[in-house]
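Peer 1: return atomic coordinates for the entry below.
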Amino acid sequence: MKDEQIKVNTNPMEKQDEQNVYMRTDGGNAAFHNFINDFSHIKDPLERRRLALEKIDNAKFGWYHIRAILVAGVGFLTDSYDIFAINLAITMMTPVFFPKGLTYGMETFLKVSTSVGAVIGQVGFGILGDVLGRKGVYGFELIIVIFATIVQCCLGVAAGLNFGFLLGFWRIIMGVGIGGDYPLSSVITSEFATTRWRGAIMSAVFANQAWGQLAGGILAVILVEAYKNEIDVPKAQCEHKCLKALDQMWRILVGFGAVPGCVALYFRLTIPESPRYTLDCENQINQGAAEVSRYLAGELGDAENDEMNVLNRTGTQMDAIDTHQPKASWKAFWGHFGQWKYGKILFGTAFSWFFLDVAFYGLGLNTSSILKAINYTKKGTLYESLSTTAKGNLILLAAGSLPGYWFSIALIDTYMGRRSIQLMGFVLLTVIFAVLSGCASKNANVTDKFLFFLYVMAEFFCNFGPNTTTFVTPGEIFPTAYKSTAHGLSAGWGKVGAIFSQCVIGKFLGGEENGVTKAMGVYAGIMVLGIFTTLLVPETKGMTLEEISVKYHDTVDPNLFIEQSSTGTETDEEAQV
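Peer 2: Presented below is the predicted three-dimensional model:
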């Protein structure tokens, strides 16, 4: 029966008529394949859904997935570059715009401004991704990032303007675009990914953060070396020539962040709609299920008007089960997650991300201060200070962050799952931060090299640990109708953690006596809390997105109706015999 149902009409004229009736969806196939169009000739939406999702879930890893990783990942490369480049850019711009020194308040504002915007973008674009669809908003967040980045590197000084606040304002705008990239890229990647390697594909997208940071670090080293002759003077003797060089350096460093976004923009704006969103949130598939039952029962006529009669004959009780997932609404969203058995999962993903980002951004946004505190950065001329800071940042990335991401990619779908990697990361980070807290004390008899090694290990297990999994899991664990909103809320709480870290704990890293000791001690305690929130989040390794929704959210997989209809028909035939 099923083979008869999906048979394609070979008559060219009739086939053309069918395609006029069953409209093909728009969207290019350059980066994300339009699976819906592969089966647009199938009249029954349930069977069309089953075939499309089966093709996605069982696809072998290939160049198509690599293109998708690059297009989705370039956003995170841009995001990470823009977020962390400010750490080095502030050092460059301080003598130019803040000759008396950068106050703690202004430095904090510049470092957290992007995270403030990111919270708005993550929640806002997350909701829009469920209401308007993934395709409807994907790419616009990148336009915001590109525009705000260009504006930043063109800012100047005027009598009626405060440069610091103006720069911070545009970093907030940029943060809105950066924040929007989190839920959209995660959800789109998960809904297009093969089940076998979904975790690795999503992790590879997120791992572009490391390439973004690495690109920023490399460009910073190049700029420092290129302008060596102009800036190789003591800070107090930095005059016109030196100030001009520093001003050009930070503008080039910040402005380069718009380049990769421009490269990927076309591919983002021309993607097809996510097949799961198209099938589960835009189609009323109850009618399709009735047509399946009518077909299997050998009935002719209008299935809609004779639905109950057809369903009663086939044994498929469609009137008792609603397979259509409505578009997200706050009432439906909170009605679902207001129940603890579902809400605890959202609580677990959100606060695991919050606790992780307290430490992750506490380290990432204060690399210069930490390297100085552990006596890695040389004191002397501006060149020596900037050079050792930039090179130390590169070593941290090459030895810690980058390998950490790729360990996660290699193991998340094979020997370890999401939950085990996250638990391991939080446990080891607790130990590392506790040891760092003790060793960073002035009374501790340890070498600077050992402190630097511990710092590298902290970066490694952030990324081979909760920094990767807190991004991956929310893109898988929630039903299609709520996935983007729930991911956006989880990511938003993460950025709230980043803001909390910089505003509350960051003061310890700003030069306070034994500041690093205090900060690392607080980080260690917060990592313990991350262990407990991780226990609220179930494992998703090896499961299709539909299996996850059925198991952890008690939703109904519409594909089961085909099986139920077949079973019902067989029962009727047996009864007739």
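Peer 1: which parts of the stretch 151-300 of the chain are helices?
Peer 2: 163-192, 198-206, 208-226, 228-231, 240-255, 258-269, 275-277, 285-297 (DSSP state H, counting those that start in this stretch).
Peer 1: mind putting the ones you listed in TSV, mean pLDDT, mean neighbour count and distance to residue 535 included?
Peer 2: The way it works is simple: take the backbone N, C-alpha and C, and place the C-beta from them, glycine included. Output for those, formatted as TSV (pLDDT from 0 to 100; neighbours: other Cβ atoms under 10 Å; distance: least, Cβ to Cβ, whole Å):
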stretch	mean pLDDT	mean neighbour count	distance to residue 535
helix 163-192	90	25	22
helix 198-206	91	28	19
helix 208-226	88	21	26
helix 228-231	86	18	51
helix 240-255	90	19	41
helix 258-269	84	18	36
helix 275-277	76	26	28
helix 285-297	42	23	36
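Peer 1: switch those helices over to TSV; also include distance to residue 412.
Peer 2: Listed next are these as TSV, based on distance: least, Cβ to Cβ, whole Å:
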stretch	distance to residue 412
helix 163-192	13
helix 198-206	4
helix 208-226	15
helix 228-231	43
helix 240-255	33
helix 258-269	24
helix 275-277	21
helix 285-297	32
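Peer 1: out of these, flag the one nearest residue 493.
Peer 2: helix 163-192 (11.5 Å; Cβ to Cβ).
Peer 1: just give the nearest non-adjacent residue to residue 141, would you?
Peer 2: residue 180 (3.2 Å; Cβ to Cβ, 6 or more residues apart in numbering).
Peer 1: tell me who's in contact with that neighbour.
Peer 2: 121-122, 124-126, 137, 140-141, 144 (Cβ atoms under 8 Å, 6 or more residues apart in numbering).
Peer 1: again, but for residue 419
Peer 2: Contacts of residue 419 (Cβ under 8 Å, 6+ apart): 469, 534, 537-539.
Peer 1: could you report the pLDDT at it?
Peer 2: Turning to residue 419, the model gives it a pLDDT of 94.
Peer 1: quick check: buried residues in the longest helix along the chain?
Peer 2: Looking across the chain with DSSP state H, the single longest helix is helix 63-97. For helix 63-97, the neighbour count (16 or more other Cβ atoms under 10 Å) marks 64-65, 67-97 as buried.
Peer 1: can you pull the buried residues of the helix or strand following it?
Peer 2: Counting by DSSP states H and E, the next helix or strand C-terminal to helix 63-97 is helix 104-131. Neighbour counts over helix 104-131 (16+ other Cβ under 10 Å) mark 106-130 as buried.
Peer 1: run the chain-centre distance for helix 104-131.
Peer 2: For helix 104-131, the distance from its own C-alpha centre to the chain's C-alpha centre is 14 Å (Cα atoms, centre = their mean, to the nearest Å).
Peer 1: residue ranges with poor pLDDT in the stretch 51-200 of the chain?
Peer 2: Applying pLDDT under 70 to the stretch 51-200 of the chain flags the ranges 52.
Peer 1: can you do 80?
Peer 2: Counting by pLDDT under 80, the stretch 51-200 of the chain has low-confidence residues at 51-59, 61-64, 83-84, 86-87, 101-102, 104, 158-160.
Peer 1: also the stretch 301-450 of the chain?
Peer 2: Looking at the stretch 301-450 of the chain by pLDDT under 80, you get 301-330, 362-380, 385, 388-393, 395-397, 439-449.
Peer 1: now do the helices in it.
Peer 2: 307-314, 330-337, 340-364, 367-373, 382-396, 402-411, 418-439, 448-463.
Peer 1: could you dump these into TSV with distance to residue 494 added?
Peer 2: Formatted as TSV, those follow (distance: least, Cβ to Cβ, whole Å):
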stretch	distance to residue 494
helix 307-314	46
helix 330-337	18
helix 340-364	3
helix 367-373	19
helix 382-396	21
helix 402-411	17
helix 418-439	13
helix 448-463	12
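Peer 1: between the ones you listed, which one is closest to residue 160.
Peer 2: Taking the helices of the stretch 301-450 of the chain one by one with Cβ to Cβ, helix 382-396 is closest: 30.0 Å.
Peer 1: now do the closest one against helix 63-97, angle only.
Peer 2: Put simply, helix 382-396 runs at 160 degrees to helix 63-97, going by axes from the mean of the first three to the mean of the last three Cα atoms, to 10 degrees.
Peer 1: between helix 382-396 and helix 402-411, how many degrees?
Peer 2: 20 degrees.
Peer 1: point to the residue nearest the middle of this protein.
Peer 2: Central residue of the chain (Cα atoms, centre = their mean): residue 182, 3.4 Å from the mean position.
Peer 1: okay, the residue nearest to residue 141 and residue 336: tell me how far apart.
Peer 2: 23 Å (Cβ to Cβ, to the nearest Å).
Peer 1: repeat that for residue 423.
Peer 2: From residue 423 to residue 336 the distance is 26 Å (Cβ to Cβ).
Peer 1: same check on residue 502?
Peer 2: For residue 502, the distance to residue 336 - Cβ to Cβ - is 33 Å.
Peer 1: which one of those two is surrounded by more residues?
Peer 2: residue 502 (23 against 20; other Cβ atoms under 10 Å).
Peer 1: for that one, which three-state class applies?
Peer 2: helix (DSSP: H, G, I helix; E, B strand; the rest coil).
Peer 1: not counting its neighbours along the chain, what's nearest it?
Peer 2: Closest to residue 502 by Cβ to Cβ, 6+ apart is residue 112, at 4.7 Å.
Peer 1: and what of residue 212?
Peer 2: The spatial neighbour of residue 212 that comes closest, neighbours along the chain excluded (Cβ to Cβ, 6+ apart), is residue 80 at 3.3 Å.
Peer 1: count the residues that sit near residue 236.
Peer 2: 7.
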